[in-house]
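In: pasted the sequence and its predicted model underneath.
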Amino acid sequence: MSFLLFSIASSIILYFFTKSYLYFSLIFLGIYYFKKDNLKLQSLLSLTLILMIALAFFSTIRGYEPKGLILLLIATFSSILYDILKKPIWSIPFFSLLGISISMIGSIKYGNLGYFFGLLIIPIFLREFRKRGEKS
């Protein structure tokens, strides 16, 4: 229930900062995870939503283009594939889109060196891939 409320609040905040109705689709993500109780993905997606809100907020204040915001939105919806199919191979789209969007966010402040921030997602991906691989 808390993730549903958080996704509703996130979609309203993201609409306020970006003026794009596309972010109201996060409510459907909250409804999906309200029916499916996957706390691990909900916590990871909550961090992704916080990152989206922070990126939209700081891009509004500082006046730059929020690169990577749409990719974060696509990554949150690719987590549904990861949740439905329960195979470790389906975590690749989620974590790769998350890594690419983090790289784009890092490039805003640090230029070409910021693209390496997306590589920080690799240890998390390998840990999840190993855990899901052992369960299957």
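Out: Structure's in. What do you need? In this text the structure is predicted, and so the values were computed from the model without any measurement.
In: so where do the strands sit in this protein?
Out: With strands called from DSSP state E, the chain shows none.
In: residue ranges with poor pLDDT in it?
Out: Applying pLDDT under 70 to the chain flags the ranges 132-136.
In: let's see it at 80
Out: Within the chain, the segments meeting pLDDT under 80 span 63-65, 67, 86-89, 109, 118, 120-122, 124-136.
In: all helices for it, in order.
Out: Counting by DSSP state H, the chain has helices at residues 2-18, 26-35, 39-62, 69-85, 91-110, 121-135.
In: who's in contact with the residue lying closest to Phe117 once chain neighbours are set aside?
Out: With sequence-adjacent residues excluded and distances taken as Cβ to Cβ, 6 or more residues apart in numbering, Phe117 is closest to Gly106, at 3.3 Å. No exception for glycine: its C-beta is placed from N, CA and C like everyone else's. Taking Cβ atoms under 8 Å, 6 or more residues apart in numbering, we find Gly106 in contact with Leu113, Gly114, Tyr115, Phe116, Phe117, Gly118.
In: top of these by number of neighbours, please.
Out: Gly118 (20 neighbours; other Cβ atoms under 10 Å).
In: show me the contacts for it.
Out: Taking Cβ under 8 Å, 6+ apart as the test, what Gly118 contacts is Gly99, Ile100, Ser101, Ile102, Ser103, Met104, Gly106.
In: export those to CSV and append columns for distance to Leu14.
Out: CSV is the format used below for these (distance: Cβ to Cβ, whole Å):
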residue, distance to Leu14
Gly99, 21
Ile100, 19
Ser101, 14
Ile102, 17
Ser103, 20
Met104, 17
Gly106, 20
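In: let me know the closest of these to Glu128.
Out: Relative to Glu128, the closest of these is Gly99; by Cβ to Cβ it sits at 12.7 Å.
In: next up, the contacts around the closest one.
Out: Gly118, Leu119, Leu120, Ile121, Ile122, Phe125.
In: okay, now the third one: neighbour count?
Out: For Leu120, the number of neighbouring residues by other Cβ under 10 Å comes to 12.
In: kindly report the same for the last one.
Out: Applying other Cβ under 10 Å, we find 17 other residues in the vicinity of Phe125.
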